[in-house]
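A.B. asks: Take a look and give me a structure for this.
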Amino acid sequence: MTKKILLILVSALVIIATGAYFFLSHGSDIPRPRGYFRIDLPEKSYRVYETACPLQMEVPNYAKVELFKDKMSSDSCWFNVYFPKFNARIHCSYMPVNNNMDRLLHDAYGFAAKHEMKATALKRTIISDSLNQVYGIVYDIEGEAASQLQFFLTDSTSHFFRGSLYFFNAPNPDSIAPVLDFLREDVMHLTETIRWK
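C.D. replies: Residues are numbered from 1 along each chain as shown. This is a model prediction of the structure:
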């Protein structure tokens, strides 16, 4: 009888030890919800940027301005405001107004509308600063659109400035939301500090 009890005890210990080993070594294989990396956002600070175009504005200190000298001419200029930490750029273009306001506005509306196919919502914020002669619209494009933020600014007579924010990764709204909100503040600051020359 003692051999039977001893055999049962040894068998029980082997089963318990095997279960404990399996649980401890394979417990990390339990599926967990997908998480995102924590994003450390820099402190807001700005500097005045004098463009080659007839305008100036404040850009963030954590951004770089990329000029396209081959796209500079007497009637237009192009540059990017690049955010290396976020792999994002605001593509900027300036065009003088010369009996072409209808076409410039049509193009600006059209560029925003192109992203509406992938968008879940399109919100407009009107910019109206009569003191500095800056008027325009900021488009917030929600969903998996390629550009989640676009804007245009004009004085209605001489100057037209357009920008589009692009992230150079998959447009996953959940993962870029904190950075998009952060950069939206920078775009709004740009619209408040732009001055025509």
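
A.B. asks: quick check, I8 in a helix?
C.D. replies: Yes. Judged by DSSP: H, G, I helix; E, B strand; the rest coil, I8 forms part of a helix.

A.B. asks: State the number of residues packed around it.
C.D. replies: Using other C-beta atoms under 10 Å, the number of residues around I8 comes to 10. (Each C-beta comes from the backbone N, C-alpha and C, glycine too.)

A.B. asks: and if you look at A63?
C.D. replies: Look at A63: counted by other C-beta under 10 Å, it has 23 neighbours.

A.B. asks: show me the contacts for the most centrally placed residue in the chain.
C.D. replies: Residue closest to the average C-alpha location in the chain (C-alpha atoms, centre = their mean): L180, at 4.0 Å. Residues near L180 by C-beta atoms under 8 Å, 6 or more residues apart in numbering: Q148, L149, L165, F167.

A.B. asks: so of these, which ones are in strands?
C.D. replies: Of these, the ones assigned to strands by DSSP state E are Q148, L149, L165, F167.

A.B. asks: what's the burial count for the second one?
C.D. replies: Okay, so that is L149. Counted with other C-beta under 10 Å, L149 comes out at 24.

A.B. asks: about what we covered before: among the contacts of L180, which pair sits farthest apart?
C.D. replies: By the measure C-beta to C-beta, L149 and F167 form the most distant pair in these, at 9.9 Å.

A.B. asks: Could you find the closest non-adjacent residue to T191?
C.D. replies: I127 (5.1 Å; C-beta to C-beta, 6 or more residues apart in numbering).

A.B. asks: State the three-state secondary structure for the one you found.
C.D. replies: Classified using three-state DSSP, I127 is strand.

A.B. asks: how about it, what does it touch?
C.D. replies: So I127 contacts V134, Y135, G136, I137, V138, F151, L153, T191 (C-beta under 8 Å, 6+ apart).

A.B. asks: In TSV, list those along with secondary structure and distance to A63.
C.D. replies: TSV is the format used below for the contacts of I127 (DSSP: H, G, I helix; E, B strand; the rest coil; distance: C-beta to C-beta, whole Å):
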residue	secondary structure	distance to A63
V134	strand	20
Y135	strand	24
G136	strand	20
I137	strand	22
V138	strand	18
F151	strand	16
L153	strand	18
T191	helix	15
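
A.B. asks: Buried residues in stretch 177-186, which are they?
C.D. replies: V179, L180, F182, L183, R184, D186 (16 or more other C-beta atoms under 10 Å).

A.B. asks: Dump those residues into TSV; add secondary structure and distance to A17 as well.
C.D. replies: Below are the buried residues of stretch 177-186 laid out as TSV (three-state DSSP; distance: C-beta to C-beta, whole Å):
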residue	secondary structure	distance to A17
V179	helix	49
L180	helix	52
F182	helix	52
L183	helix	55
R184	helix	57
D186	helix	59
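
A.B. asks: and which of those residues is nearest R38?
C.D. replies: The nearest member of the buried residues of stretch 177-186 to R38, counting by C-beta to C-beta, is V179 at 11.8 Å.

A.B. asks: Nice, that's everything, thank you.
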